[in-house]
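**Student:** can't give you the sequence, but here's the structure:
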């Protein structure tokens, strides 16, 4: 039977007691009682009195295996280790993909509108339905691409954005929105004849659309992004960090676009937010208005994101409960 | 079968009193006896026994004294008090009644 433990073991036993009763009380009666318990347990293991369970064996095996982070770092020095993309890369890839999907559909819809001779089609695409279809399509597209990327990452393939640096991806993300002006140019050069008699959408549809989208989009984005970043739902801090960073970046990236004065009238029409006929070259919103509306938008997005986080957490609880039920039923 | 934490938690005090009613023991020994008796049906997280023991001591259902164990080392032994025996008797009756009701209600009806 082991009578005396090494200094290191004694120190760790004392530390454990100190964690429970505080360092000053570690040698008091309660602290001493805790230390005795741990010592008895260690002796029982050493003497073979205490059976080593599978869970105990796992702890021992892990302990003996060494620090995974250190081993990973050392292995990485020998050959590349397959790892999941970092949060920062995933977040920026998500933002870039979101832009790419939106931009592609924006151009596609503009071309369809310009080429279609059907007034009905033009009327529909200028109305909220067009924008709604575009938004839904964009998120279906984003989901499809993300699902593919996730599958590739899980199979150990290195994704394209992993070879980029974070500053490089950031720069790309801040420059690309300027391309949105290209669709405005498309309208300017095409100089389409707007339908003279369109049916203006009622105010309640416009309001419903505006508020509905303001809620639905951040909600979809939050859930989609948490899923893409594979954040464990109970890890609320990581969830908030990623969501916060997403909304900060997504709002910042579209501020410089406002500095370039090319008529936004085309985009106003394409987006279907309004049926006002604006002058092609005069649309640039005052900075004060942009900043105030961005701040309000940001706050409302965060409020919706909180709902998204709760829902995501709820989904996980249901999923876990179903898995537990299925396991118990077996 | 693994027991629910809540069920084990609620029964901890009465189980400890039951163990001490047989003979005085110290924390490690109590845990060992209970885990052996449970035979894998549940397993106590060892440290969690002490808050319950100290609460029982505070409520004067057990008393403690440092004494030499069989191993020759000083250990804090817990003894059940008269009040502890009364409490054990009352709680044991409650658990038996509870157990009977649960068994009766959860029994799968036949035919």
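**Tutor:** Yes, it's here. Since this is a predicted model, take the numbers as computed values, not measurements.

**Student:** which residues touch residue A:292?
**Tutor:** Residues near residue A:292 by C-beta atoms under 8 Å, 6 or more residues apart in numbering or on different chains: none. C-beta: built from backbone N, CA, C; applies to glycine.

**Student:** and it, that one's in a helix?
**Tutor:** Yes - counting by DSSP: H, G, I helix; E, B strand; the rest coil, residue A:292 is part of a helix.

**Student:** tell me which helix or strand residue B:65 sits in.
**Tutor:** Per DSSP states H and E, residue B:65 falls inside strand B:62-68.

**Student:** cool, and residue A:141?
**Tutor:** In the assignment (DSSP H and E), residue A:141 maps to helix A:128-154.

**Student:** buried set for that helix?
**Tutor:** A:128, A:130-131, A:134-135, A:137-139, A:141-142, A:145-146, A:149-150, A:153 (16 or more other C-beta atoms under 10 Å in any protein chain shown).

**Student:** where does stretch A:245-257 sit relative to the chain's centre, distance-wise?
**Tutor:** 14 Å (C-alpha atoms, centre = their mean, to the nearest Å).

**Student:** list the buried residues for it?
**Tutor:** Going by neighbour count (16+ other C-beta under 10 Å), the buried part of stretch A:245-257 is A:245-247, A:249-250, A:253, A:257.

**Student:** so which of the buried residues of helix A:128-154 is the closest to residue B:15?
**Tutor:** Set against residue B:15, the nearest of the buried residues of helix A:128-154 by C-beta to C-beta is residue A:150 (47.8 Å).

**Student:** surely the closest one touches residue A:224?
**Tutor:** No - checked against C-beta atoms under 8 Å, the pair residue A:150 and residue A:224 is beyond contact range at 11.4 Å.

**Student:** check the offset of stretch A:137-152 from the chain's centre.
**Tutor:** Worked out by C-alpha atoms, centre = their mean, stretch A:137-152 lies 13 Å from the chain centre.

**Student:** repeat for stretch A:8-25
**Tutor:** Here stretch A:8-25 is found 41 Å from its chain centre; the criterion is C-alpha atoms, centre = their mean.

**Student:** buried stuff in stretch B:72-83?
**Tutor:** Applying 16+ other C-beta under 10 Å to stretch B:72-83 flags B:75-78, B:80-81 as buried.

**Student:** in strands, which of those residues fall?
**Tutor:** Members of the buried residues of stretch B:72-83 lying in strands (criterion: DSSP state E): B:75-78, B:80.

**Student:** just put those in TSV and tack on pLDDT.
**Tutor:** Supplementary listing: those in TSV, determined by pLDDT from 0 to 100:
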residue	pLDDT
B:75	92
B:76	92
B:77	95
B:78	95
B:80	96
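
**Student:** and which of those is nearest chain A?
**Tutor:** Using C-beta to the nearest C-beta, residue B:76 comes nearest to chain A of these, at 4.9 Å.

**Student:** rewinding a little: could you find the lowest-pLDDT member of the buried residues of helix A:128-154?
**Tutor:** The lowest pLDDT within the buried residues of helix A:128-154 belongs to residue A:128, with 67.

**Student:** now find how far off-centre whichever strand or helix holds residue B:19 is within its chain.
**Tutor:** Following DSSP H and E, one finds residue B:19 within helix B:5-22. Offset of helix B:5-22 from its chain centre (C-alpha atoms, centre = their mean): 2 Å.

**Student:** what residues does chain B put near chain A?
**Tutor:** Contact residues (C-beta under 8 Å from any C-beta of the partner chain) of chain B with chain A: B:26-28, B:31-32, B:46-47, B:50, B:54, B:66, B:71, B:73-76.

**Student:** now do the host helix or strand of residue A:18: which elements does it pack against?
**Tutor:** Secondary structure assignment for residue A:18, by DSSP H and E: helix A:7-21. When contacts are defined as 3 or more C-beta pairs under 8 Å, 6 or more residues apart in numbering or on different chains; DSSP states H and E, helix A:7-21 sits against helix A:29-47.
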